[in-house]
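Enquirer: Just to be clear, the model below is a prediction. Sequence and coordinates:
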Amino acid sequence: MSNKDCNRSIAAALTAATCTLLGTSAVEPVQAQEEPGWDFNTALLYYGEDNDRVQDLSLNILSRRVFVDDRYLSLGLTVDALTGATPNGALPQSVPQTFTQPSGRRTYTTTPGEFPIDDTFRDSRVAVTAAWEQPLGRLFAINIGASASSEFDYTHLGLNAKISRDFNKRNTTVSAGLAFAQDELDPVGGAVMGLTQMPVAVDDDDDGDGDGRNRGPAEDKDVLDVVFGVTQVVSRNLLMQFNYSYSDSSGYLNDPYKILSVVDGTSGDPVPIAQVPGVDGPSHLYLFEHRPDSREKHSLYTQGKYYMDGKVLDLSYRYMTDDWEIDSHTVDLRLRWPLGSRSYLEPHLRFYTQTAAEFYRMSLIDGDPLPEYASADYRLGDFDAMTAGLKYGWKTSGGNDMSVRLELYQQSGNVSPDQLIGNQVGRDNYPDLNAVIFQFGYQFGK
Amino acid sequence: MRICVSIVSLLVVGITSGCSSMGVEPWERDVLAKEEMQLTTDAVEAATDDHIYFSKEASSGGRGFGGGGCGCN
């Protein structure tokens, strides 16, 4: 027997003897109970757009470890595989259009009458998150986190922190949060300079990282987010939340793959450019988009959850405005309808509308002075969107949660006739979008 | 920015004092404690939705931080 074991058995004998003398029994010291392990929230998501546009298969895992005293550690992983094509910003034409690929080495040609889409789009994305949450004293709680993600042409690093305090018998919670992200863009072929002409294709062995024509090396983007929130228990059946958020982005905010057609001021058709024999290049005049290098957004958000005899109504509204003159309204409605004690149905409706950015235009007019900023990215245009979906969730015999949901998302652009020139009238000038979202969710370990 | 902070401070003071008459006693939290009554019932679903709409629309955030960390917008 080692000295240590010997000391332990002596201590145990002394404890037993003392307890006998005092007339008490030896009680095991009370250990703070920890949850047995991790719980996991996992989902497999398919997102697919019509007309062979973007398809995304996404695996998401969020794991959480509960420690004593309401302390939590959360770790998240997302892996996305993206394929498909995305509108490049050019207008449709009655003749084929040829574009130089983002790599600057080859060209692609689009069908007459159809929206020019760049079908060289392929990417994968891995994102990780980590967060730690714990109470601070009796009424405060803090949450600190970090995030990172990597794509072929994009890297993100972020930090965030949030503090909250309870008031009024914990019926009111006030919170403040701060997040900072530093992202780096390293686009295929280099970061293009705004409002420069799409070059001819040059099949050299250059790595594309700034070939001296109109491209520079990698660029940075910084994003600062601030959120203030109040959560209020209104009654036994009603919970409300109100948030104000401020977001400031600065740096390279262009989409380096988006272009604008330069059109004739009378016919509205893209201006053809002279082709040099033996040189592959764009068939018409296209300029890369150029956005401001800063953007400030303000959002107001409110959400209510109302319990009605087993059913739960979840209604939220968001108003956003920014200094690019985009205003948006979002209404989101869900109703969780129990089917017995182990399953439920949840219909979902979402309505969204936004105004166009001040510098959004469908095309540039040949001969006019160039504006300071211009983009034909449909996501900065004036459009409405609607989502309609249904989710079915159930408890497995092992007590875990499973769910499936199917949703349809539709975007339709609002192009006013006074924006159209010559032959553009009667053409489809906005790339409307229809997408399907299917998700399978599995939560276990709770 | 300073104006925003002042407005938010006023709102917070107003809401916390104005809301002091609202709410429930600790023993009346049976419904509010239900999983389906949490503001975010499924964190993964909320995150995937935020990511989709961030990629396809010009707005983001509101519920929490503006999101991002993606070259998709």
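Expert: That came in fine, so what should we check first? Numbering: from 1, shown residues only, chains lettered A, B, ... in the order given.

Enquirer: Just say helix, strand or coil for residue B:51.
Expert: What DSSP: H, G, I helix; E, B strand; the rest coil gives for residue B:51 is helix.

Enquirer: Flag the shaky bits of chain A, pLDDT-wise.
Expert: Across chain A, the ranges flagged by pLDDT under 70 are A:1-36, A:204-214.

Enquirer: got the buried residues for whichever strand in it runs longest?
Expert: For chain A, the strand reaching the highest residue count under DSSP state E is reported as strand A:219-235. The neighbour-count check on strand A:219-235 (16 or more other CB atoms under 10 Å in any protein chain shown) flags A:219, A:221, A:223, A:225-234 as buried. In short, each C-beta sits where N, CA and C put it, glycine included.

Enquirer: Likewise for stretch A:163-171?
Expert: A:164, A:166, A:167, A:168, A:171.

Enquirer: ok, the third one touching residue A:174?
Expert: Meaning residue A:167. Yes - counting by CB atoms under 8 Å, residue A:174 is a contact partner of residue A:167 at 6.7 Å.

Enquirer: What's the first helix or strand after the strand or helix carrying residue A:108?
Expert: In the assignment (DSSP states H and E), residue A:108 maps to strand A:107-110. On the C-terminal side of strand A:107-110, the nearest following helix or strand under DSSP H and E is strand A:117-118.

Enquirer: my guess is residue A:112 meets residue A:96, correct?
Expert: Yes - with contacts counted by CB under 8 Å, residue A:112 reaches residue A:96, the gap being 5.6 Å.

Enquirer: who has more neighbours, the two?
Expert: Set side by side, residue A:112 and residue A:96 show more neighbours around residue A:96, with 13 against 10, by other CB atoms under 10 Å in any protein chain shown.

Enquirer: Now do the contacts for the nearest residue to the more buried one once chain neighbours are set aside.
Expert: Of all residues not flanking residue A:96 in the chain, residue A:109 sits nearest, at 5.2 Å (CB to CB, 6 or more residues apart in numbering or on different chains). Contact analysis of residue A:109 by CB atoms under 8 Å, 6 or more residues apart in numbering or on different chains lists A:96, A:97, A:98, A:99, A:283.

Enquirer: What is the most widely separated pair among those residues?
Expert: A:96 and A:99 (10.6 Å; CB to CB).

Enquirer: Just send the buried residues of stretch A:163-171 back as a markdown table, with distance to chain B too.
Expert: Shown next, in a markdown table, are the buried residues of stretch A:163-171 (distance: CB to the nearest CB, whole Å):
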| residue | distance to chain B |
| --- | --- |
| A:164 | 12 |
| A:166 | 10 |
| A:167 | 5 |
| A:168 | 5 |
| A:171 | 3 |
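
Enquirer: Filter those residues down to the ones in helices?
Expert: If you go by DSSP state H, the buried residues of stretch A:163-171 have nothing in helices.

Enquirer: Count the residues that sit near the residue of chain B found nearest chain A.
Expert: The minimum distance from chain B to chain A, using CB to the nearest CB, falls at residue B:23 (2.7 Å). Residues within reach of residue B:23, counting by other CB under 10 Å, total 20.

Enquirer: Identify the bridge partners of the closest residue to residue A:190 other than its chain neighbours.
Expert: The spatially closest residue to residue A:190, leaving aside those adjacent along the chain, is residue A:215, at 3.1 Å (CB to CB, 6+ apart). Listed by DSSP bridges, the beta-bridge partners for residue A:215 are residue A:192.

Enquirer: give me every residue that touches residue A:215.
Expert: By CB under 8 Å, 6+ apart, the neighbours of residue A:215 are A:104, A:189, A:190, A:191, A:192, A:193, A:208.

Enquirer: can you pull out the strands in chain B?
Expert: Using DSSP E, strands in chain B do not occur.

Enquirer: how about the helices of it, start to end?
Expert: Going by DSSP H, chain B shows helices at B:2-18, B:43-56.

Enquirer: How about chain A?
Expert: Under DSSP H, chain A gives helices at A:3-22.

Enquirer: thinking again about what came up before, isn't the residue of chain B closest to chain A right next to residue A:167, touching?
Expert: No - in this structure, residue B:23 is not within contact of residue A:167 by CB under 8 Å, at 9.5 Å.

Enquirer: Which residues are in contact with the residue of chain B closest to chain A?
Expert: A:168, A:169, A:171, A:172, A:232, A:233, A:234, A:235.

Enquirer: Just the pLDDT for residue B:68.
Expert: Listed pLDDT for residue B:68 reads 65.

Enquirer: can you check the one 5 residues further on too?
Expert: pLDDT, residue B:73: 64.

Enquirer: again, but for residue B:47
Expert: pLDDT at residue B:47 comes out at 94.

Enquirer: So what sits opposite residue A:308 in the bridge?
Expert: Per DSSP bridges, the residues bridged to residue A:308 are residue A:311.

Enquirer: ugh, typo on my part, it should be residue A:299
Expert: Applying DSSP bridges, one finds that residue A:299 bridges with residue A:245, residue A:320.

Enquirer: and it, how many neighbours?
Expert: Residue A:299 has 24 nearby residues by other CB under 10 Å.

Enquirer: Residue A:42 now?
Expert: For residue A:42, the count of nearby residues is 16 (other CB under 10 Å).

Enquirer: Please look at residue A:91 and residue A:262 and confirm they touch.
Expert: No - the criterion here is CB under 8 Å, and residue A:91 misses it with residue A:262 at 10.0 Å.

Enquirer: what do these two both touch?
Expert: Joint contacts of residue A:91 and residue A:262 (CB under 8 Å, 6+ apart) are A:270, A:363.

Enquirer: if I pick residue A:148, what's in contact with it?
Expert: A:127, A:128, A:155, A:156, A:157, A:158, B:69.
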